[in-house]
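J.: Sequence plus predicted model, see below.
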Amino acid sequence: MNPMPKSVKSWSGVHHHIVNVMVSLFCCFLLLAQPVAALNDGQQLVLESWKLVNEGYLNTQRFEKVQWRRLRQEALKDPILNSEAAYTAIENMLLPLGDPYTRLLRPDDYAAMKASNLGSEINGVGLQLGARAEDGEIVVIAPLEGSPAADAGVISGTTLITVDGQSPKSLGLEATASRLRGAIGSQVVVQLKSPNGEIEELTLERRSVDLRPVRTRRLRNESHTLGYLRITQFSEEVPVQVNEALQELSEKGIEGLILDLRNNSGGLVSSGIAVADTFLSNQTIVETKKRDGINDSISAGESMGYTGPMVTLVNGGTASASEILAGALQDNGRSKLIGDKTFGKGLIQSLTTLSDGSGLAITVASYLTPNERDIQNLGIDPDRLLDMPEPINPGGAEDRWLKDAELFLGASLDSQTLQNNSTQDEELVTKNNKEALNITTSIKPIYSDINE
């Protein structure tokens, strides 16, 4: 038997050596990979949040600018041994996106938000907040009616400078809101800057604030009977409450409706769309633009909950879901908007419950009005601006804008009545002319026969 050639023996040895090296490398890989597979709960929470944002966030171009994958690595670089460390890591990871509405909600804050969306009560000072686009400052969208903030005269557009000595801009939107909530009877000190630049410090005592998002009554004057419907936020039960209110007002014989969306900072977009469906028929309510660039159109059904004349009050506190409703009414010619320019929040967030009971809000879409107007940071201009200063008690006895709305709607009803009467007169004249023509036509043959 011939011995194995030397070259073959050499190759066999080399091959054996390569196999040993590969096995060693594989074992090393397993040893190195083991810590990744054994992530603790805090690390898992960070990765869960990163994945959700990565899959759903609207502006994917921001990922490249902030090196989104690197931010994940940095978030996991330091030890994460408890929930608070995980929350801090997630917040630091989201911060470079520059989007105050994509944010983590700690379990207590998340529970408070869900309670608000269900239309129950909240304990706090009653400030609805937003982040100003140009500088990130936390500003008042609107005070809740009957809240400590409203009683103290805080108005829309006010900037929060400090909350118990801390900077709201540094805290962020959700943490600022959390510090304003608290036990009934406790106090919080806020430093505020009004829209005209005046700075003041207020001590506000927290109390239970009844959200009661739908308020209605009948308005009667010498000429007309009108309905007044105010929606202060869009919580889950609002569409049903609106339909019930409209039914009640219709039974009272109203001739027109004043819809008041002032200081309505939004809420559930689905509720705002459902209310728009009540006032529109087979018309576009809103278009949503997603991360893939495709616009989805949402349209109203055929039936309408209210078909009569209406006018809508808006102001700088009208934001998000209430702007969707206002834009749909204006673009479809269903209602004139009067008051002041709206806030200008045209982004939609999804809200996801994380594995530990906290929540993650992610900006997943922007919305356009039916005429494809982008209102983000721009707002909606009303059809008629009302005189300043703006009333601080919407719906109250001294609400000048509500009086203006009554006059505006009353004049519109009178104009429509004149137009209808004019049309009826024209129809009557036309009918009489036709009858006269028929009589004349029937006489002519007789007259003709006589002359012949």
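T.: Arrived safely, thanks for sending.
J.: Next, the contact list for residue 145, please.
T.: Residues near residue 145 by CB atoms under 8 Å, 6 or more residues apart in numbering: 232, 263, 394, 395. C-beta: built from backbone N, CA, C; applies to glycine.
J.: Look up how far residue 295 lies from it.
T.: 36 Å (CB to CB, to the nearest Å).
J.: Partner strands of the helix or strand where residue 215 lies, with direction?
T.: Using DSSP states H and E, the element containing residue 215 is strand 214-220. Note on strand 214-220: by DSSP bridges, its sheet partners are strand 225-231 (antiparallel).
J.: Which strands and helices lie in contact with whichever strand in the chain runs longest?
T.: As assigned by DSSP state E, the longest strand anywhere in the chain is strand 359-368. Applying 3 or more CB pairs under 8 Å, 6 or more residues apart in numbering; DSSP states H and E, we find strand 359-368 packed against helix 41-56, strand 103-105, helix 107-117, strand 284-289, strand 347-353.
J.: Provide the strand pairings for the fourth one, with the direction of each partner.
T.: Note on strand 284-289: by DSSP bridges, its sheet partners are strand 295-299 (antiparallel), strand 359-368 (antiparallel).
J.: follow-up on the earlier one: just how off-centre is the helix or strand that the longest strand of the chain is followed by within its chain?
T.: For strand 359-368, the following helix or strand on the C-terminal side (DSSP H and E) is strand 384-385. Mean-position distance between strand 384-385 and its chain equals 23 Å (CA atoms, centre = their mean, to the nearest Å).
J.: Give me the average confidence score over strand 384-385.
T.: The predicted model gives strand 384-385 an average pLDDT of 96.
J.: The closest residue to residue 252 other than its chain neighbours: neighbour count?
T.: The shortest distance from residue 252 to any residue other than its chain neighbours is 5.3 Å, reached at residue 218 (CB to CB, 6 or more residues apart in numbering). Neighbours of residue 218 under the rule other CB atoms under 10 Å: 13.
J.: Rank the contacts of residue 145 by pLDDT and give me only the lowest.
T.: residue 394 (81).
J.: would that one count as being in a strand?
T.: No - assessed by DSSP: H, G, I helix; E, B strand; the rest coil, residue 394 does not belong to a strand; its assignment is coil.
J.: Next up, phi/psi of it, please.
T.: Main-chain dihedrals, residue 394, degrees, to the nearest 10: phi -50, psi 130.
J.: Same check on residue 328?
T.: Backbone geometry at residue 328, expressed as degrees, to the nearest 10, gives phi -70, psi -40.
J.: hmm, back to that, so which of the helices and strands packed on strand 359-368 gets nearest residue 413?
T.: strand 284-289 (25.9 Å; CB to CB).
J.: Using PDB, list the CA coordinates for the longest strand of the chain.
T.: C-alpha atoms of strand 359-368 as PDB (Å, rounded to 0.1, in the frame of the first residue of the first chain):
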ATOM      1  CA  GLY A 359     -46.300  53.400  29.000                       C
ATOM      2  CA  LEU A 360     -44.600  54.600  25.900                       C
ATOM      3  CA  ALA A 361     -46.000  57.300  23.600                       C
ATOM      4  CA  ILE A 362     -44.600  57.300  20.100                       C
ATOM      5  CA  THR A 363     -45.300  59.800  17.300                       C
ATOM      6  CA  VAL A 364     -46.400  57.500  14.500                       C
ATOM      7  CA  ALA A 365     -48.200  59.800  12.000                       C
ATOM      8  CA  SER A 366     -49.000  63.400  11.100                       C
ATOM      9  CA  TYR A 367     -52.400  64.500  10.100                       C
ATOM     10  CA  LEU A 368     -53.700  66.900   7.400                       C
END
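J.: got a list of contacts for that strand?
T.: 49, 52-53, 56-59, 90, 99, 101-105, 109-110, 113, 269, 286-291, 295, 324, 346-354, 374-376.
J.: try 6 Å
T.: The contact list for strand 359-368 (CB atoms under 6 Å, 6 or more residues apart in numbering) reads 49, 52-53, 56-58, 99, 101-105, 110, 286-290, 346-354, 374.
J.: Next one: residue 289, what pLDDT does it get?
T.: pLDDT, residue 289: 89.
J.: wait, residue 17
T.: 51.
J.: what does residue 402 give?
T.: Here, the pLDDT recorded for residue 402 equals 95.
J.: Just give me the neighbour total for it.
T.: Residues lying near residue 402 (other CB under 10 Å) number 22.
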